[in-house]
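# Need a 3D model of the sequence below.
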Amino acid sequence: MAPPQIAHREPDYLKGKAHNGGKRILVEFPALSSPELKQVDHRWPSPTGEFFRGLSVNARIDFGLLSTNFRCRSSRVLINEQEKPLSILFLLEGQVDISMNSFDGRRFLLGVASAGDILGLTSAISGNASEIKAEARYPCKIASMRRRDFLDFLLRYPSACHNVVRELSLHHTQACVRLRTFGITSTVHARLACLLLEWCNTGQQTENGTQIRLAFTHDEIGECIGTSRESVTRTFRDLKNQCLVRQRGSTLIVPSRGALANYAGIDSKPDDPNEPAAA
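Residues are numbered from 1 along each chain as shown. Got it, this is the predicted structure:
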């Protein structure tokens, strides 16, 4: 017996055009209610990330029935600040900028979501309006689920609920790290150094130091630490002059995280035992 087809309607904030994952039909948001959208397409990436850890086969099948796959172009706004949480989005492929605006209208870039991340999780759980803006950095593939279906899914599958708790805990930790950067550092050079140290945690360890793929422009780095592009450029020049960083194209090399921490005026113990200590 064939599984029942479930119709979906996307929220108003998903405006524009996208290709659905099944028939590749160009559709207008929010008109995503056609049963054709539920056609299986094995060329689409399987969902990954903390939310899917340890989920049973039945839970994954249920997720596939309740969610709708779609494509979006770069620069497409997926979530706006103060939007009501009608749906939750699972990023399957691509990257999405997560940002918020200050009271004076300046943009603060919180980070970049990648495959496996969930967009709008906090507001979907709380029911409160979104505090963040999510904008596609590159073309993306996304699975969308209505908030009501998502909450029901959590009640049916306790393991998914536990995974959400871990995901929210991770978000809290990341927010604390970023707030600590702003709370204990008042200068631009210290904030930039702290940001680079944060990126080092996921960088590649080599015999020459930690390699970081620099995906942000100086403008965007300024939005991360609350300063101008010109200030970021001057600080990078100072870091290079002091041999605290080296750059090869889009790759940034930090020879010593300890030395960079000293530059920022903070204490830091290298995670890598081969990392040279600061002088």
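
# residue ranges with poor pLDDT in the stretch 151-279 of the chain?
Applying pLDDT under 70 to the stretch 151-279 of the chain picks out residues 181-185, 267-279.

# who touches residue 114 in this structure?
91, 94, 95, 96 (CB atoms under 8 Å, 6 or more residues apart in numbering). Backbone N, C-alpha and C define where each C-beta goes, glycine included.

# My read is that the third one contacts residue 112, right?
So that's residue 95. Yes - with contact defined as CB atoms under 8 Å, residue 95 and residue 112 form a contacting pair (5.2 Å).

# what is in contact with those two at once?
When contacts are counted by CB under 8 Å, 6+ apart, residue 95 and residue 112 are jointly contacted by residue 137.

# need the next SSE after the one helix or strand residue 61 maps to, C-terminal direction.
Using DSSP states H and E, residue 61 maps to helix 57-66. Counting by DSSP H and E, the next helix or strand C-terminal to helix 57-66 is strand 68-72.

# That next one: what's the following helix or strand?
strand 77-79.

# For that following strand, which helices and strands make contact with it?
strand 133-136 (3 or more CB pairs under 8 Å, 6 or more residues apart in numbering; DSSP states H and E).

# List just the nearest of the contacts of residue 114 to residue 147.
The nearest member of these to residue 147, counting by CB to CB, is residue 91 at 16.7 Å.

# Correct me if wrong, but that closest one is in a strand.
Yes - Residue 91 sits within a strand when classified using DSSP: H, G, I helix; E, B strand; the rest coil.

# ok, what's across the strand from it?
residue 142 (DSSP bridges).

# which residue ranges form the strands in the stretch 1-150 of the chain?
17-19, 26-28, 68-72, 77-79, 87-93, 96-101, 107-113, 118-119, 133-136, 140-146 (DSSP state E, counting those that start in this stretch).

# out of those strands, nearest to residue 259?
strand 107-113 (25.2 Å).

# So for that closest one, mean pLDDT?
For strand 107-113, the mean per-residue pLDDT is 86.

# Alpha carbons of it, in PDB - could you do that?
The C-alpha trace of strand 107-113 is given here as PDB (Å, rounded to 0.1, in the frame of the first residue of the first chain):
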ATOM      1  CA  ARG A 107      24.100  44.300  10.800                       C
ATOM      2  CA  PHE A 108      25.800  41.800  13.100                       C
ATOM      3  CA  LEU A 109      26.900  38.600  11.400                       C
ATOM      4  CA  LEU A 110      26.500  35.800  13.900                       C
ATOM      5  CA  GLY A 111      27.900  33.100  11.600                       C
ATOM      6  CA  VAL A 112      27.300  30.900   8.600                       C
ATOM      7  CA  ALA A 113      25.100  27.800   8.700                       C
END
